[in-house]
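Enquirer: Structure of the sequence below:
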Amino acid sequence: MLEYLIVPGTPPQRVAMAVGRDADGQPVTYLSHRGRTLTLAPPAPPTARRRDAAGGDADPEVRAPMTGRLTHVAVAEGDEVAAGALLAIVEAMKMEYRLLAPVAGRVHGLSAGVDQRVRAGERLLRLD
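Expert: Numbers count the residues shown, from 1 in each chain. As a prediction, the model looks like this:
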């Protein structure tokens, strides 16, 4: 499906937008303007795995799901947290992603603070 967006400005700009799927079948959005095409894909899921059917443990490492800026860090080195507790918030392009504890444990190796930039996949902390 191809749609056109009108972006305000002087003069107004017309941007083509199409929605499709990449080679892995994941949804993507394509924006095209003046011969340049930008591909937008949803952020990669966090690397922490949930408990599997056999009862295996989730990964205790917490990584940034996308490149952005830490706007909130809710824990400090050595804090005890419950599974599902808020650890931090990463913001990119006005979108916030809440990082939740995959398992209960003690915070170790906190590698970034508020207002610091992080890269997608960067390890932020470990729960032991």
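Enquirer: contacts and neighbour counts: CA atoms only from here.
Expert: Noted.
Enquirer: can you pull out the strands in the protein?
Expert: Assigned by DSSP state E, the chain shows strands spanning 2-7, 13-21, 27-33, 36-40, 61-63, 68-73, 80-81, 86-92, 95-100, 105-108, 117-118, 123-127.
Enquirer: Comparing these, which comes out most buried?
Expert: Mean neighbours per residue, mean count of other CA atoms under 10 Å, is largest over these for strand 61-63, with a mean of 21.
Enquirer: Direction included, what does that one pair up with?
Expert: Strand 61-63 has these partner strands in its sheet, going by DSSP bridges: strand 123-127 (antiparallel).
Enquirer: Mean pLDDT per element in this protein, and the minimum belongs to which helix or strand?
Expert: strand 2-7 (a mean of 60; mean pLDDT, DSSP states H and E).
Enquirer: for the residue nearest to residue 78 when sequence neighbours are not counted, what are its contacts?
Expert: Counting by CA to CA, 6 or more residues apart in numbering, residue 78 lies nearest to residue 107, which is 5.0 Å off, once chain neighbours are set aside. Residue 107 makes contact with 75, 76, 77, 78, 79, 80, 81, 125, 126, 127, 128 under the criterion CA atoms under 8 Å, 6 or more residues apart in numbering.
Enquirer: let's see 10 Å
Expert: Counting by CA atoms under 10 Å, 6 or more residues apart in numbering, residue 107 touches 60-61, 75-81, 87, 101, 125-128.
Enquirer: swap in residue 108?
Expert: So residue 108 contacts 61, 76, 77, 78, 79, 80, 124, 125, 126, 127, 128 (CA under 10 Å, 6+ apart).
Enquirer: Look up which residues are beta-bridged to the residue lying closest to it once chain neighbours are set aside.
Expert: For residue 108, ignoring the flanking residues on the chain, the nearest one in space by CA to CA, 6+ apart is residue 126 at 5.2 Å. Beta-bridge pairing of residue 126 under DSSP bridges involves residue 61, residue 108.
Enquirer: State whether residue 126 and residue 75 are indeed in contact, as I suppose.
Expert: No - assessed by CA atoms under 10 Å, residue 126 is found out of contact with residue 75, at 11.6 Å.
Enquirer: That's all I had, so thanks and see you.
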